[in-house]
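Peer 1: Kindly return the folded structure for what I paste below:
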Amino acid sequence: MKLCLTRPKNSQKAEFSTAVACLAETVAGRCLSEKGALIGHIKGFATGPDGSYLHVSVTDAARPADIEGHIACRPKSIILTLNVHVFGVSAARLKELLIESLSNPEVEKNALISIVEPIMSHRIFKEKNHAE
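Peer 2: Presented below is the predicted three-dimensional model:
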């Protein structure tokens, strides 16, 4: 999923790294609230116009998001590519959880979020039962 994060108007303190970390942690928490869910990974990557970058990774809602890098300049917006791999949650439910996570007030303090590219569902491979 590709998201556009835009700085709120009249906000000098807003930080994209805070918004990205909060978003990833929110997604993790919502996913793990589902019975039987197990996070494979939640990762995000964004680049600034000057080539600086921001990478986020979450594998458990009990731990804070790992953030690497930062957007050095202060652009009005960035594009974040978010990759979410969660076991035990249907693709349809995962889409709902991702959409719900976008409207977190804590995230919105630091960035307004809009969807650039829709959520993509990867093919689900089922194990074939081979009786011998």
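Peer 1: Every contact and neighbour count from this point should use C-alpha atoms.
Peer 2: OK.
Peer 1: Longest helix in this structure, please.
Peer 2: helix 16-32 (DSSP state H).
Peer 1: mind saving the C-alpha coords of it as CSV?
Peer 2: Taking Å, rounded to 0.1, in the frame of the first residue of the first chain, the C-alpha atoms of helix 16-32 are listed here in CSV:
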residue,chain,number,x,y,z
PHE,A,16,7.0,12.3,9.8
SER,A,17,9.1,9.8,11.8
THR,A,18,6.6,10.1,14.7
ALA,A,19,3.6,9.7,12.4
VAL,A,20,5.1,6.6,10.6
ALA,A,21,6.1,4.9,13.9
CYS,A,22,2.6,5.6,15.4
LEU,A,23,0.9,4.3,12.2
ALA,A,24,3.0,1.1,12.2
GLU,A,25,2.3,0.5,15.9
THR,A,26,-1.4,1.1,15.4
VAL,A,27,-1.5,-1.4,12.6
ALA,A,28,0.3,-3.9,14.8
GLY,A,29,-2.0,-3.4,17.7
ARG,A,30,-5.2,-3.7,15.6
CYS,A,31,-3.9,-6.9,13.8
LEU,A,32,-2.9,-8.6,17.1
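Peer 1: quick one, what contacts the residue lying closest to residue 19 once chain neighbours are set aside?
Peer 2: Closest residue to residue 19 apart from its sequence neighbours, by C-alpha to C-alpha, 6 or more residues apart in numbering: residue 107 at 4.8 Å. Residue 107 is in contact with 18-20, 22-23, counting by C-alpha atoms under 8 Å, 6 or more residues apart in numbering.
Peer 1: Just put these in CSV and tack on neighbour count and distance to residue 67.
Peer 2: CSV is the format used below for these (neighbours: other C-alpha atoms under 10 Å; distance: C-alpha to C-alpha, whole Å):
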residue, neighbour count, distance to residue 67
18, 16, 9
19, 22, 11
20, 26, 9
22, 22, 11
23, 26, 12
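Peer 1: which one among those gets closest to residue 112?
Peer 2: Closest approach to residue 112 among those (C-alpha to C-alpha): residue 19, at 9.0 Å.
Peer 1: OK, contacts around the closest one?
Peer 2: If you count contacts by C-alpha under 8 Å, 6+ apart, residue 19 has them with 106-111.
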